[in-house]
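K.L.:
when you get a sec, could you give me coordinates for this:
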Amino acid sequence: MEWTAAAHRARHHLGARKRTFSEAQSLELINFFAEHGTVTSAQMQQHGSADFVGTILGHVTTAVHGGGSVPKAGGWYRKEAAGSVYVIDPGFAEAWKAGWVAAGSSSMA
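P.N.:
Residues are numbered from 1 along each chain as shown. Sure thing, here's the model as predicted:
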């Protein structure tokens, strides 16, 4: 997987059109996830409801992998511990953070 291109598509997809959740709130969640690497459901929900988290992860999944669910092998993230822990792929996380810096933002939530 070419993670740099995938991260770029994801950032563009989150801001491409008006969505139920704001672009800023969406980016904040993915920034947090990329910065920490492994987070619990409760930590993700500090950024918004379970519906919010699922929606944003779904938007990124669509941008990275196309329609459907995250592939079990090679997905940009995976769930562990019966779905209560999220683990981001290190390659995607690094590409996301590098793209964020390249876009001129020094704010990684």
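K.L.:
what is the neighbour count of Gly48?
P.N.:
By the criterion of other C-beta atoms under 10 Å, Gly48 has 17 neighbours. (Glycine included, C-beta is placed from N, CA and C.)
K.L.:
got the contact list for it?
P.N.:
Contacts for Gly48 (C-beta atoms under 8 Å, 6 or more residues apart in numbering) come out as 21, 25, 29, 56.
K.L.:
on the three-state scheme, it is what?
P.N.:
coil (DSSP: H, G, I helix; E, B strand; the rest coil).
K.L.:
what is the burial count for Gly66?
P.N.:
Neighbours of Gly66 (other C-beta under 10 Å): 8.
K.L.:
next one: it, what pLDDT does it get?
P.N.:
According to the prediction, Gly66 has pLDDT 94.
K.L.:
equivalent analysis for Phe92, please.
P.N.:
98.
K.L.:
setting aside sequence neighbours, what's the nearest residue to it?
P.N.:
Spatial nearest neighbour of Phe92, excluding adjacent residues (C-beta to C-beta, 6 or more residues apart in numbering): Trp76 at 4.4 Å.
K.L.:
wait, that neighbour touches Tyr86, no?
P.N.:
No - counting by C-beta atoms under 8 Å, Tyr86 is not a contact partner of Trp76; they are 10.8 Å apart.
K.L.:
and the two? which has more neighbours close in?
P.N.:
Trp76 (26 against 21).
K.L.:
how about that one, what does it touch?
P.N.:
The neighbours of Trp76, taking C-beta under 8 Å, 6+ apart as the test, are 1, 3, 6, 10, 60-61, 64-65, 70, 88-89, 92.
K.L.:
any idea how far it lies from Ala63?
P.N.:
Computed as C-beta to C-beta, to the nearest Å, the Trp76 to Ala63 distance reads 9 Å.
K.L.:
just to revisit the earlier point, which of the contacts of Trp76 tops the neighbour count?
P.N.:
Val60 (27 neighbours).
K.L.:
re the thing from before, find residues that contact each of Trp76 and Ala63.
P.N.:
6, 10.
K.L.:
the spatially most central residue of the chain sits in which helix or strand?
P.N.:
By C-alpha atoms, centre = their mean, the chain has its centre lying nearest to Ile30, at 3.9 Å. Element membership for Ile30 (DSSP states H and E) is helix 23-36.
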